[in-house]
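Q: Sharing a sequence plus its predicted fold:
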Amino acid sequence: MMIKLVLFFIVLNLYDITVTRLKYGGGGDWYNDPSAIPNLCREVNRRTEVKANEEQKIISVSDKELFDSPFIFLTGHGNIKFTDEDVVRLRRWLESGGFLYVDDDYGMDPSFRREMKRIFPEKELVELPFDHEIYHIFYKFPQGLPKIHKHEGKPPQGFGIFCGGRLAVFYTFETNISDGWADPEIHNDPPQKREEAFKMGINIILYALTH
């Protein structure tokens, strides 16, 4: 076990990462919780050997920087709408190795599922089992996602879309992990909830970097 852990950190030490936030159309608040990504990246730097850029980068699908952005984060409460050109570019980016992490901040689920179906009409969002590596790669979550916010009071769920056997889209629903990364006075989450959110966020980043 110790040898595997050492090798894991050797591999991670080869990486640095910028978490890019996606600006999208449709009227949803893609910009909410601007402190979330800088705070998460600060914890990545503090707890792991990965070097994470603590300055948030923001792009649209149409920007040329899309294909220089291996990890993209998308969140919001409202409607998401991609253009036809966006749909083509996002599919090409995902099939080329991009990783999209999506956190429903409450209310965007119907539009997100609709837009994913436009990108991958032949694929379905499938719920990941609790033994999936994303829940165990660094911190252990034997019951899957932590529950950060109540929303409708349902159990949290993690869904994925796979490209060539690789998890390319990871979607967290009924948990709102990214709110737990925001500055503590924003949502007044207790320290335990924020700690769970940071741990799961670190798992997501490390999984994306190593798969």
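A: Received, thanks. Residues are numbered from 1 along each chain as shown.
Q: This structure: helices as residue ranges?
A: Ranges of helices within the chain are 2-12, 36-47, 84-95, 109-119, 184-187, 191-210, based on DSSP state H.
Q: Check the residue lying closest to residue 104 once chain neighbours are set aside and give its pLDDT.
A: In space, and not counting its chain neighbours, residue 104 is closest to residue 173: 5.0 Å by C-beta to C-beta, 6 or more residues apart in numbering. All C-beta spots, glycine's among them, are computed from the backbone N, C-alpha and C. Residue 173 is assigned 97 on the pLDDT scale.
Q: mind starting the numbering at 291 from now?
A: Okay, using 291 as the starting number, the last item reads as residue 463.
Q: how close does residue 463 sit to residue 374?
A: Separation of residue 463 from residue 374 (C-beta to C-beta, to the nearest Å): 26 Å.
Q: Give the residue spans of this protein that score low on pLDDT.
A: Applying pLDDT under 70 to the chain picks out residues 291-304.
Q: coming back round to it: between the helices of the chain, which one is closest to residue 452.
A: helix 374-385 (10.1 Å; C-beta to C-beta).
Q: tell me the angle of that closest one relative to helix 399-409?
A: 80 degrees (axes from the mean of the first three to the mean of the last three C-alpha atoms, to 10 degrees).
Q: Now do the buried residues in helix 374-385.
A: Residues 376, 377, 379, 380, 381, 383, 384 are the ones in helix 374-385 that count as buried (16 or more other C-beta atoms under 10 Å).
Q: can you tell me which of the residues you listed lies nearest to residue 394?
A: The closest of the buried residues of helix 374-385 to residue 394 turns out to be residue 380 (C-beta to C-beta; 17.8 Å).
Q: Kindly confirm whether my reading is correct that that closest one touches residue 352.
A: No - using C-beta atoms under 8 Å, residue 380 is not in contact with residue 352; the gap is 10.3 Å.
Q: picking up where we left off before, could I get the buried residues of helix 374-385 in a markdown table, plus columns for distance to residue 486?
A: Below are those laid out as a markdown table (distance: C-beta to C-beta, whole Å):
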| residue | distance to residue 486 |
| --- | --- |
| 376 | 33 |
| 377 | 34 |
| 379 | 34 |
| 380 | 30 |
| 381 | 33 |
| 383 | 30 |
| 384 | 28 |
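Q: quick one: which two of the residues you listed are the most distant?
A: Greatest spacing in the buried residues of helix 374-385, by C-beta to C-beta: 376 and 384 (12.1 Å).
Q: any idea how far residue 322 is from residue 307?
A: From residue 307 to residue 322 the distance is 22 Å (C-beta to C-beta).
Q: For the helices of the chain, give me JSON lines that also has distance to residue 449.
A: Output for the helices of the chain, formatted as JSON lines (distance: least, C-beta to C-beta, whole Å):
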{"stretch": "helix 292-302", "distance to residue 449": "26"}
{"stretch": "helix 326-337", "distance to residue 449": "20"}
{"stretch": "helix 374-385", "distance to residue 449": "15"}
{"stretch": "helix 399-409", "distance to residue 449": "9"}
{"stretch": "helix 474-477", "distance to residue 449": "23"}
{"stretch": "helix 481-500", "distance to residue 449": "13"}
